[in-house]
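A.B. asks: Structure here, sequence nowhere to be found:
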Ligand SMILES: [Fe+2]
Ligand SMILES: [Fe+2]
């Protein structure tokens, strides 16, 4: 098997057309603005986080000779490049839906400045450890989300964006881990930087979510019901139970993303998005 065949089949770069429009449902998750805004809060980071991951992986490629890993790193950058562009489209539509959301600009600028500073001031080991911490976190969350089939409570083109993204996160789950290994980033450093990275990243997610809830408070108050609140709590409890200690496993010295159990739905979703992509490279 050639290197290019290996990466073409394992991590294809799919260009998608989800048909986003201003009229699509933005309360796409269970018609609940609070739950939907939590997803949007994660996705507000993507146009800054994912280019940072790509810069990190491209820089790391300079020190790697293994042709298979290099091809996988290239494919990783191709996939992440598509992800952030698709999320930027939805973020733009979301921000245009409410003039008050221009208040998010300052959080976005701060996040972008952080990632630019990390790229220039931190060494490649630190940046790879950050990238791997994010990749491990998102991959484990994606596994739980896919197992629970939470997309069945979602609607419209954003549901497809969500499923496509988590599918590709699983496809490229080994790349940053292997790049860390190739650059001699120790488990201890991954642990230390990883804790810092998760706190940094989730801190911004929390700020975006709080801002959405504050800036759209009146509409949320009108739409929220006792049933929605109960359903939200039920979902959060079920998710925490299903996720269990999965997130913690990625902190352990013997963690390896190759040994993670991937949900059965994964293969059919890969095939589905490859067959519905505008192009596959
Ligand atoms: Fe991504
Ligand atoms: Fe990723």
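C.D. replies: Sure thing, it's come through. What you are looking at is a predicted structure, and each value in this text was computed from that prediction instead of being measured. Numbers count the residues shown, from 1 in each chain. Ligands and ions are numbered 1, 2, ... in the order given.
A.B. asks: tell me the SS of residue 22?
C.D. replies: coil (DSSP: H, G, I helix; E, B strand; the rest coil).
A.B. asks: Close to ligand 1: what parts of the protein are there?
C.D. replies: Counting by CB under 5 Å from the ion, the residues of the chain lying close to ligand 1 are 80, 83. (C-beta placed from N, C-alpha, C; glycine too.)
A.B. asks: what sits against the closest residue to ligand 1 within the chain?
C.D. replies: Ligand 1 sits closest to residue 83 of the chain, with a gap of 3.6 Å, by CB to the ion. Going by CB atoms under 8 Å, 6 or more residues apart in numbering, residue 83 touches 46, 50, 165, 168.
A.B. asks: the helices in the chain, which residues?
C.D. replies: 3-10, 33-44, 46-61, 67-96, 105-121, 124-147, 156-171, 175-182, 187-215, 217-223, 226-243, 246-249, 265-276 (DSSP state H).
A.B. asks: Redo those as TSV? Include mean pLDDT and distance to residue 255.
C.D. replies: Output for those, formatted as TSV (pLDDT from 0 to 100; distance: least, CB to CB, whole Å):
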stretch	mean pLDDT	distance to residue 255
helix 3-10	44	20
helix 33-44	98	22
helix 46-61	98	19
helix 67-96	98	18
helix 105-121	98	23
helix 124-147	97	7
helix 156-171	98	16
helix 175-182	98	8
helix 187-215	98	8
helix 217-223	97	38
helix 226-243	96	16
helix 246-249	88	6
helix 265-276	97	19
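A.B. asks: Please work out how many residues are found near the closest residue to residue 145 other than its chain neighbours.
C.D. replies: Leaving aside its sequence neighbours, residue 145 sits nearest to residue 166 (CB to CB, 6 or more residues apart in numbering; 5.9 Å). Neighbour count for residue 166, taken as other CB atoms under 10 Å: 23.
A.B. asks: and residue 166, what is it in contact with?
C.D. replies: 138, 142, 145, 146.
A.B. asks: Of the residues you listed, which is the most crowded?
C.D. replies: Neighbour max across those (other CB under 10 Å) = residue 142, 22 neighbours.
A.B. asks: these two touch, right, it and residue 170?
C.D. replies: Yes. Between residue 142 and residue 170 there is a contact under CB atoms under 8 Å: 5.8 Å.
A.B. asks: Just give me the residue right at the centre of the protein.
C.D. replies: Nearest to the mean C-alpha position of the chain, by CA atoms, centre = their mean, lies residue 138 at 5.5 Å.
A.B. asks: and that one, what is it in contact with?
C.D. replies: Contacts of residue 138 (CB under 8 Å, 6+ apart): 166, 169.
A.B. asks: again, only using 7 Å
C.D. replies: residue 169 (CB atoms under 7 Å, 6 or more residues apart in numbering).
A.B. asks: And residue 198, by the same measure?
C.D. replies: For residue 198, the contact set (CB under 7 Å, 6+ apart) comprises 133, 137.
A.B. asks: Same question for residue 280.
C.D. replies: Counted by CB under 7 Å, 6+ apart, residue 280 has contacts 12, 14, 274.
A.B. asks: again, but for residue 214
C.D. replies: With CB under 7 Å, 6+ apart as the criterion, no residue contacts residue 214.
A.B. asks: do you know how far it is from residue 101?
C.D. replies: 11 Å (CB to CB, to the nearest Å).
A.B. asks: same deal with residue 56?
C.D. replies: From residue 56 to residue 101 the distance is 29 Å (CB to CB).
A.B. asks: out of the two, which sits in the more crowded spot?
C.D. replies: A direct count of neighbours by other CB under 10 Å for residue 56 and residue 101 places residue 56 higher, at 26 against 18.
A.B. asks: That one: what's its closest spatial neighbour, skipping adjacent residues?
C.D. replies: residue 127 (4.2 Å).
A.B. asks: who's in contact with the one you found?
C.D. replies: By CB under 7 Å, 6+ apart, the neighbours of residue 127 are 56, 118, 119.
A.B. asks: In a markdown table: those, plus distance to residue 220.
C.D. replies: Compiled in a markdown table, these are given as follows (distance: CB to CB, whole Å):
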| residue | distance to residue 220 |
| --- | --- |
| 56 | 36 |
| 118 | 34 |
| 119 | 36 |
